[in-house]
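> sequence and computational prediction follow.
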Amino acid sequence: MSRSESESAEYWVKLHTAGRDTILAVCDSELIGRTFSEGELSITVYREFYGGVLVDEEGLKRHMGSATIMNLVGRGCISIAEERGWVEKGNTLTIAGVKHAQAAIIFDDQIGKD
């Protein structure tokens with residue numbers, strides 16, 4: 001994705017809370033509500049899980065900065081997560097041509113604790 005494409009792109013983001021974690025569900029806007037299947041793999045980009053608010057790249061970066069867990073679907077949002085070092089390039093799953101990645105931020109005070 002070129003810089004000009006990502007600047008005009010939009011992403012659906014929704015924050016969920018689970019204990020101490022803030023889970024960010026994010027997808028490229030054109031993927032919301034769709035299901036992708038390939039072989040035994042399938043992912044549905046549910047509006048209920050991903051469809052909070054529509055943001056641009058800067059809004060997405062702000063939301064990413066507040067998350068401890070990220071669930072990402074789409075080439076655009078994953079590219080931004082890779083640029084920021086939250087997802088390692090090549091550490092994604094592709095289902096029917098659609099990229100999917102998950103990331104967890106581990107803080108020092110969580111290491112070795114139940």
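Sure, I can see it.
> nearest spatial neighbour of Leu54, skipping sequence neighbours?
Excluding the flanking residues, the one nearest Leu54 by C-beta to C-beta, 6 or more residues apart in numbering is Glu10, at 5.2 Å. In this view, the C-beta of every residue, glycine as well, is placed from N, C-alpha and C.
> gap between that neighbour and Val45?
Using C-beta to C-beta, to the nearest Å, we find Glu10 at a distance of 14 Å from Val45.
> these two: which is more packed in?
Between Glu10 and Val45, Val45 has the larger neighbour count (other C-beta atoms under 10 Å), namely 22 against 15.
> this structure: helices as residue ranges?
With DSSP state H as the criterion, the chain has helices at 3-8, 47-50, 57-65, 75-83.
> which residues are in contact with the third one?
In other words, helix 57-65. Residues external to helix 57-65 that are found in contact with it (C-beta atoms under 8 Å, 6 or more residues apart in numbering): 6-7, 9, 11, 13, 15, 24, 26, 53, 55, 70, 77, 80-81, 84, 86.
> max pairwise distance over those residues: which two?
Glu7 and Leu15 (23.1 Å; C-beta to C-beta).
> out of those two, which sits in the more crowded spot?
More crowded of Glu7 and Leu15, by other C-beta under 10 Å: Leu15, with 14 against 11.
> can you pull the pLDDT of the more buried one?
The model reports Leu15 with a pLDDT of 96.
> so who does it touch?
Residues near Leu15 by C-beta under 8 Å, 6+ apart: 22-25, 52, 63, 66-67.
> rewinding a little: just the buried subset of the contacts of helix 57-65, please.
Applying 16 or more other C-beta atoms under 10 Å to those, the neighbour count classes 6, 9, 11, 13, 24, 26, 55, 70, 77, 80-81, 86 as buried.
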